[in-house]
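Undergrad: Structure, please.
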Amino acid sequence: MDTRDPQTEPGRLRRFFSLLLSALAVASVLLGGCGGGSGEPAAGSEAPDAGEANPAGDIPDDQAFVPYRSAGGSFTVSVPEGWAQTAAGESTTFTDKLNRVEIRRVTAAAAPTTQSVVARVEPGLRAQVAHFEPGKASTVSRRGGQAVLFTYQGDAAPDPVTGKIVHDAFERYAFYRGGVEVDLTLSGPVGADNVDPWRIVSDSFAWSP
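TA: Numbering: from 1, shown residues only. As a prediction, this is how the structure comes out:
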């Protein structure tokens, strides 16, 4: 005699298959959390950026430099080859994506000093450069002679295409001879390692005989 309850047996089968499907679902989630070899980053994480191999703004070690001669021929300075050149008034500027070399020639009654740069130049920069942070004024020796170096940080002009603003580090060298001052300003993103290329540029400045 069959003693099984015809109403209870189907219910047991449904519960069995329900538990089996739940177990399979849990196993699938656990395998996915272990990486599963899918190659996709887990939720909330960021994929490595291959472009971060070199910090943004680093000038390549193999960058070539070419001489630039001022319009009047009174001085020369080496600038990175291939950078875009623009001129406005007494200033000539060379730029790549994030870095900039600006050369400005002005007449001056006396040679600049660390005190005069802090008193005369810093207030103007503070008014013109967003998030300006003054650094240090010092007298340095370069192959072309002594110069007053003033360092500072501030925001670069917004990118004309993306509108992105980069916080830059600046080195401003002031060279002087016979009533003429040449201000050589080098800039690039804070954190970029451009010590060597900026030294090449600042060391290359030379007055014409």
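Undergrad: who does the most centrally placed residue in the chain bridge with?
TA: Among the residues of the chain, the one closest to the centroid is Pro189, at 3.0 Å (CA atoms, centre = their mean). In this entry, Pro189 is beta-bridged to Asp168, by DSSP bridges.
Undergrad: For it, give its distance to Ala109.
TA: Plainly put, Pro189 is 36 Å away from Ala109 if you go by CB to CB, to the nearest Å. Yep, even glycine has a C-beta here, placed from its N, CA and C like the rest.
Undergrad: ok, now Tyr176?
TA: Tyr176 is 10 Å from Ala109, by CB to CB.
Undergrad: next one: Val79
TA: Val79 is 28 Å from Ala109, by CB to CB.
Undergrad: Between those two, which has more neighbouring residues?
TA: More neighbours surround Val79 than the other of Val79 and Ala109, with 21 against 6 (other CB atoms under 10 Å).
Undergrad: can you pull the contacts of the more buried one?
TA: 65-68, 94, 101, 201 (CB atoms under 8 Å, 6 or more residues apart in numbering).
Undergrad: can you tell me which of those residues are in helices?
TA: Cross-referencing the contacts of Val79 against helices under DSSP state H gives Val201.
Undergrad: Can you select the buried ones from the contacts of Val79 in PyMOL?
TA: To isolate the buried members of these in PyMOL, using 16 or more other CB atoms under 10 Å:
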select buried, resi 68+94+101+201
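Undergrad: Tell me the one among the contacts of Val79 nearest to Val148.
TA: Using CB to CB, Val201 is the member of the contacts of Val79 that sits closest to Val148, with 16.3 Å.
Undergrad: Give the full set of residues in contact with that closest one.
TA: Applying CB under 8 Å, 6+ apart to Val201 gives the contacts 65, 77-80, 101, 184, 186.
Undergrad: Apply 10 Å and report the result again.
TA: Listed by CB atoms under 10 Å, 6 or more residues apart in numbering, the contact partners of Val201 are 59, 65, 68, 77-80, 94, 101, 103, 142, 171, 173, 184, 186, 194.
Undergrad: In strands only, show me those.
TA: Under the assignment DSSP state E, the contacts of Val201 contribute 65, 68, 77-80, 94, 101, 103, 142, 171, 173, 184, 186 to strands.
Undergrad: Could you dump the residues you listed into JSON lines with pLDDT and distance to His131 added?
TA: Listed next are those as JSON lines, based on pLDDT from 0 to 100; distance: CB to CB, whole Å:
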{"residue": "Phe65", "pLDDT": "98", "distance to His131": "30"}
{"residue": "Tyr68", "pLDDT": "97", "distance to His131": "30"}
{"residue": "Val77", "pLDDT": "98", "distance to His131": "28"}
{"residue": "Ser78", "pLDDT": "98", "distance to His131": "30"}
{"residue": "Val79", "pLDDT": "98", "distance to His131": "27"}
{"residue": "Pro80", "pLDDT": "98", "distance to His131": "26"}
{"residue": "Phe94", "pLDDT": "97", "distance to His131": "24"}
{"residue": "Val101", "pLDDT": "98", "distance to His131": "21"}
{"residue": "Ile103", "pLDDT": "98", "distance to His131": "24"}
{"residue": "Arg142", "pLDDT": "96", "distance to His131": "29"}
{"residue": "Glu171", "pLDDT": "98", "distance to His131": "17"}
{"residue": "Tyr173", "pLDDT": "98", "distance to His131": "22"}
{"residue": "Leu184", "pLDDT": "98", "distance to His131": "23"}
{"residue": "Leu186", "pLDDT": "98", "distance to His131": "19"}
